[in-house]
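> Next come a sequence and a model predicted from it.
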Amino acid sequence: MAVLSLTNAHLAFGHVALLDGANFALETGERVGLIGRNGTGKSSLLKILAGLEKLDDGLLQQQQGLTNVYVPQEPELRGDATIFDVVSEGVAEAKALRERYERHDENDDLAWVQERIEHIGAWNWEQRVDETLHRLGLDGTRLVGSLSGGLKKRVALGRALVAQPDVLLLDEPTNHLDLDAITWLEGLLNDFKGSLLLITHDRAFLDNVANRIVELDRGQLRGYPGNFAAFQAAKAYELENEALFNARFDKLLAQEEIWIRKGVEARRTRSVARIQRLEAMRLAHAARRDVQGKVKLDIDTGGASGKIVAELEDVSKSFGERAIVRGFTTTILRGDKVGLIGPNGAGKTTLLKMILGELPPDSGTVRLGSRLTVAYFDQMRDTLNLDATLADTISPGSEWIEIGTQKKHVKSYLGDFLFSPARANSPVRTLSGGERNRLLLARLFARPANVLVLDEPTNDLDIETLELLEELLADYDGTVFLVSHDRRFLDNVVTSTLVYEGDARWREYEGSVQDWLTQSKRAAALQAKAAPAAAAPTPPPAPEPAPVVATKRKLSYKEQRELDEIPKQIAALEAEQTQLNALIAGSELYTQGAKRIAEVTERAAEIDTELLALMERWEVLEAK
C-alpha cells in the first residue's frame, strides 16, 4: 500500500521542466534509491514530498496521520547547542505536550493532552533520545559546533530517527561519512521499519540498502525493482530499445516529409488522414526529450615525472601530543594510483602533504622525484570564487584554452562538461553542488599535470559522470592520489591503498579496497585463531623423560599429495577471483540479467572463504 504518491506532477524552473507529468508511489517498508543526473530536480522532488516546496501542477497524496522527516545534504544545526538538545528537536511535540500536562493549565483539555501523550509515547521522550544517541555512538554533552562534518551528519540522522517517522527522506546521506560510518549507516537503514527514499550516487551503498531504484530522467520517474546492479542491466536494455524505436520513428518521419513535398501529381492524391498523421509525428518529435550528451573528459599530463614520485623512510608526524603518522615507509612510483583510507580525522591529508613534500616530517626522510606537476581537486570547493563567471574560472582573461596540442573556445570546453553556452557568463554561485564539482573537474583537467590529488571528488557527482571519471583515471599516465569513501569508485581506480590501522600506524596494501578487506579479514581470522592457543595456561612441568632423538612425524602419502596440490588450488582460485573482479568492475556483466549478476557476486564471496580454508590447511600440513 502506498504511503505517499505523486500523480501527473509538473515542476519547472525557467524553461527547464524538472517534472513533466511524472508519477510516483512509495510503498510501505520500501527502501527506494532516487538517482539521476545533476540538475534534474532530485533534491526538489524530495523537498516536495517533505512538504517544503510545492508542485506547479499535479497531485501529492499521503496517508492520513503520516509522519515524514527530511534530512538535507547540509543539515542546519545549532552550533551553540549540545548534541542532546539538537537530537531532542526531533521529539519537539512530545516535549511540548508533556510540559503542557505538567503545567496543569486550566484552559487546556488535559484529557486530550494525556491521550495524545500516550499515543506518541511522550512520557519517556528522554529515554528515546538517550537510546538513539547510544545507537549512533554520540556523546550528548558535546557542543554541535565542535563536531566534524561526519558527526554533524550523524546528529542530523539522530534528530530524524528519534521522531520515529513513517517515511525517512535522505539527501546524500553518505557525504562526509567515512567507510566505517557508511557501513554502520547501511545496517541502520536496513533495520529501519518505515519507508525510505534516499538520493545517493554511492553505488555500493545503493546495492546494499535499496530494494528499488527510481530514476528521474527527462522529467519522468521510472522505477526498477532490485538494487543498483539490477537497475544497470535493465537500463542498458531499455536505452537500446529506445534508440531503436527513435531511429525507426525518425526514418518514417523523413519518408513522410519527402512524400508531402512531392509535386502536383502527388498532391492531388494524398490522403487527409496521412497528412494528419504527419502533423502528429512532427509534434511528437518536437516534444521528444532525447538523452543528454555525455560529459567529455580529457586531461593533459604535460611532461612525464621521474620514475620515482616520492620515497618515505620511517617518517613520523605529530601535532602537540597527538601522533598522526608513526614509522611509515613507502615508495610511490610514476603511474601509481593510490587510495588513502581511514576514518575522518585520521590524518589522510597530513600524510598526503608529507608525500608531496608540502609538510616536513618530525623524523624520518622524504625524497621527492623530479619534474612533478601537481593539480589538486579540493573537497570543500574553497578555491572557487563564487562571484566569478564559469568562463573566467576556467580561463581567466581569455576566451581560448589549450588542452595539450588542442586549442578550444572556453564555451566549447564548458559544453564538454554539460554547461550550455548561455551559462558561460553566469556566476559560480548559481550552480548546484554537483555542478560546482563538475566545474572543478573542468578547471582541473584544463591544466597540465602529471600528479593528480583528488580529495572526495565523487561528492555530488552523478553516476554517469563518476563512471566516465573512472575511465579517465584508469587510462591516465600520471600518478593519482585519491581520498574517497566511495568503495566502488576506489575499487575501479586504485592500484594500491594506504590504510590507517590505529595508533598513528599506516600500512600499504596492493590492489583495491576489496583486496585490502580480503587481506585484513584473513589476517584477523588467523590472529583470532592463534590468540586462544597463546592465552592457554602453561601446564605444570612433567617428569623429565628419557632422552630421545626428536623427529618430525612423516606425512602420509595422501597428506603429501594434498600439500603438493594446495599451491595450485590457491593459484587457480586467485586467477578465478581476478576474472570475477574484472567482470564486476566492467559493464558487460550487467547486461546479462539479475540471475547472472547474483551468480558472479556469490561466487566471488565463496572464493574468499575457500582461500582462507586452504591457507589454514596449508599451515597445518607444513607444521607436521
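Yep, it's here.
> Who are the packing partners of the helix or strand encompassing Asp130?
According to DSSP states H and E, Asp130 maps onto helix 125-136. Where contact means 3 or more CB pairs under 8 Å, 6 or more residues apart in numbering; DSSP states H and E, helix 125-136 is packed against helix 83-88, helix 92-103, helix 149-161. Any C-beta I mention is one placed from the backbone N, CA and C, and that applies to glycine too.
> tell me what the shortest one is packed against?
Right, helix 83-88. Secondary elements touching helix 83-88 (3+ CB pairs under 8 Å, 6+ apart): helix 125-136, helix 149-161.
> remind me which residues of the stretch 1-150 of the chain are low pLDDT?
For the stretch 1-150 of the chain, the stretches with pLDDT under 70 are 14-15, 105-108.
> Now with 90, please.
1-2, 12-18, 20, 36-41, 43, 63-67, 73-76, 79, 90-139, 145-150 (pLDDT under 90).
> looking at the helices and strands packed on helix 83-88, which is buried most?
helix 149-161 (a mean of 22; mean count of other CB atoms under 10 Å).
> what sits up against the helix or strand following that one?
In the C-terminal direction, the helix or strand that comes right after helix 149-161 (DSSP H and E) is strand 167-171. For strand 167-171, contacts defined as CB atoms under 8 Å, 6 or more residues apart in numbering pick out 3-4, 26, 42-43, 46, 49-50, 66-73, 157, 160-161, 189, 192, 194-200.
> Direction included, what does strand 167-171 pair against?
strand 68-71 (parallel), strand 195-199 (parallel) (DSSP bridges).
> Just name the most buried of those.
By mean count of other CB under 10 Å, these have strand 195-199 as the most buried, with a mean of 23.
> Now distance to Ser420 too, for the helices and strands packed on helix 83-88, in CSV please.
Shown next, in CSV, are the helices and strands packed on helix 83-88 (distance: least, CB to CB, whole Å):
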stretch, distance to Ser420
helix 125-136, 43
helix 149-161, 32
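> Pro457 is nearest to which of those?
Proximity to Pro457 (CB to CB) singles out helix 149-161 among the helices and strands packed on helix 83-88, at 16.0 Å.
> CA-only coordinates of that closest one in CSV, if you can.
The C-alpha trace of helix 149-161 is given here as CSV (Å, rounded to 0.1, in the frame of the first residue of the first chain):
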residue,chain,number,x,y,z
GLY,A,149,31.1,17.1,9.1
GLY,A,150,30.6,13.3,9.6
LEU,A,151,29.5,13.7,13.2
LYS,A,152,27.1,16.5,12.3
LYS,A,153,25.5,14.2,9.7
ARG,A,154,25.1,11.6,12.5
VAL,A,155,23.4,14.2,14.7
ALA,A,156,21.0,15.1,11.9
LEU,A,157,20.2,11.4,11.4
GLY,A,158,19.6,11.1,15.1
ARG,A,159,17.2,14.0,15.1
ALA,A,160,15.3,12.3,12.3
LEU,A,161,15.3,8.8,13.8
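> Just the angle for that helix relative to helix 92-103, thanks.
In terms of direction (axes from the mean of the first three to the mean of the last three CA atoms, to 10 degrees), helix 149-161 departs from helix 92-103 by 60 degrees.
> what's the distance between helix 149-161 and the middle of its chain?
On the basis of CA atoms, centre = their mean, to the nearest Å, helix 149-161 sits 18 Å off its chain's mean C-alpha point.
> same question, stretch 316-327
30 Å.
> contacting residues around the most centrally placed residue in the chain?
The structure's the chain has its C-alpha centroid closest to Asp202; by CA atoms, centre = their mean the separation is 2.2 Å. Taking CB under 8 Å, 6+ apart, we find Asp202 in contact with Thr174, Ile182, Thr458, Asp486, Arg487, Arg488.
> now it: how far from Val513?
13 Å (CB to CB, to the nearest Å).
> How about Asn124?
Taken as CB to CB, the span from Asn124 to Val513 is 42 Å.
> So between the two, which is more surrounded?
Val513 (25 against 12; other CB atoms under 10 Å).
> so how far is the helix holding Asp130 off the chain centroid?
With CA atoms, centre = their mean, you get 28 Å for helix 125-136.
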